[in-house]
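Visitor: missing the sequence, but the structure's below:
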């Protein structure tokens with residue numbers, strides 16, 4: 001018990017002293033996850049709205065694929081990207097393996113189906129008079145998508161924040177395609193795994209506490225958006 005208490009005290013001291021190495025990992029992790037969330041949101045939200053607004057052959061199949069992708073193991077995403085980005089892979093000439101870009105790609109792929117499903121759910125749960133009203137006013141295709149996004153903006157923003165929260169907690173794919181390089185591709189989750197394996201439990205605990213704080217802030221923002229929506 002004293003070991004854990006001492007480690008917890010040391011971890012809090014590291015956080016309070018604004019240890020440069022510690023916060024470098026935190027900043028790197030936040031920036032990578034935020035970029036991934038924005039990229040995925042820009043693609044997933046319009047795709048989700050378009051899918052929800054239209055009926056077409058294969059729609060049910062796409063929904064099943066999205067649901068399957070939401071449950072895909074993250075290491076599988078890392079494995080597939082590793083094969084694509086490795087030197088012998090089809091995208092090896094881009095030299096993206098073991099770079100922040102590779103982690104962004106992995107996290108964006110991971111959270112894309114989550115965001116798209118949330119966008120579909122948002123449109124489906126919206127006021128049933130919304131789409132007919134917009135169509136009666138002459139809104140078509142792109143204009144209709146934009147107006148629906150505006151009317152459901154709080155839920156769409158919540159989808160992006162949810163994606164960010166999922167991305168920042170990712171470890172498997174980030175480790176495989178990022179390589180956990182200090183000062184470059186090391187994220188909070190990969191650093192926790194590394195520091196704990198090295199016996200630096202207090203450093204891993206400090207990062208864990210900061211990750212927990214970020215998760216709390218994400219959920220707090222989601223709660224505020226939920227209240228704003230209602």
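Guide: Now that the structure is in, tell me what you want to look at. Bear in mind that the values here come from a model prediction, so they are computed numbers and not experimental data.

Visitor: Any stretches of the protein with poor pLDDT?
Guide: By pLDDT under 70, the weakly predicted segments of the chain are 1, 228-230.

Visitor: Helices along that one, start to end?
Guide: Remark: helices assigned in the chain by DSSP state H are 2-16, 20-53, 59-70, 74-85, 100-125, 130-136, 141-151, 153-168, 172-178, 188-197, 201-229.

Visitor: The most centrally placed residue in the chain: what's it in contact with?
Guide: By Cα atoms, centre = their mean, the chain has its centre lying nearest to residue 167, at 3.0 Å. If a contact means Cβ atoms under 8 Å, 6 or more residues apart in numbering, then residue 167 has 32, 33, 36, 37, 107, 108, 110, 111 as its contacts. Any C-beta I mention is one placed from the backbone N, CA and C, and that applies to glycine too.

Visitor: measure it to residue 73 for me?
Guide: 16 Å (Cβ to Cβ, to the nearest Å).

Visitor: try residue 98
Guide: According to Cβ to Cβ, residue 98 and residue 73 sit 21 Å apart.

Visitor: quick one, which of those two is more surrounded?
Guide: Comparing residue 98 with residue 73 by neighbour count (other Cβ atoms under 10 Å), the higher total belongs to residue 98, at 19 against 10.

Visitor: Contacts only, for the nearest residue in space to that one that is not next to it in sequence.
Guide: Spatial nearest neighbour of residue 98, chain neighbours left out: residue 179 (3.8 Å); criterion: Cβ to Cβ, 6 or more residues apart in numbering. For residue 179, the contacting residues are 97, 98, 185, by Cβ under 8 Å, 6+ apart.

Visitor: Format those as JSON lines; extra columns: distance to residue 140.
Guide: Output for the contacts of residue 179, formatted as JSON lines (distance: Cβ to Cβ, whole Å):
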{"residue": "97", "distance to residue 140": "43"}
{"residue": "98", "distance to residue 140": "46"}
{"residue": "185", "distance to residue 140": "44"}
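
Visitor: Number of residues surrounding residue 3?
Guide: Using other Cβ under 10 Å, residue 3 has 8 other residues around it.

Visitor: ugh, wrong one, I meant residue 194
Guide: 17.

Visitor: circling back: so which of the helices of the chain is the most surrounded?
Guide: Each of those was given a mean neighbour count from mean count of other Cβ atoms under 10 Å, and the largest, a mean of 25, is that of helix 172-178.

Visitor: how far is that one from where the chain is centred?
Guide: Chain-centre distance of helix 172-178: 14 Å, with Cα atoms, centre = their mean, to the nearest Å.

Visitor: Which strands and helices lie in contact with it?
Guide: Judged by 3 or more Cβ pairs under 8 Å, 6 or more residues apart in numbering; DSSP states H and E, the packing partners of helix 172-178 are helix 74-85, helix 100-125, helix 188-197.

Visitor: could those be laid out in a markdown table, adding distance to residue 4?
Guide: Written out in a markdown table, the entries for the helices and strands packed on helix 172-178 read as follows (distance: least, Cβ to Cβ, whole Å):
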| stretch | distance to residue 4 |
| --- | --- |
| helix 74-85 | 28 |
| helix 100-125 | 31 |
| helix 188-197 | 13 |
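
Visitor: and of those helices, who's closest to residue 60?
Guide: When the helices and strands packed on helix 172-178 are ranked by distance to residue 60, counting by Cβ to Cβ, first place goes to helix 100-125 at 12.2 Å.
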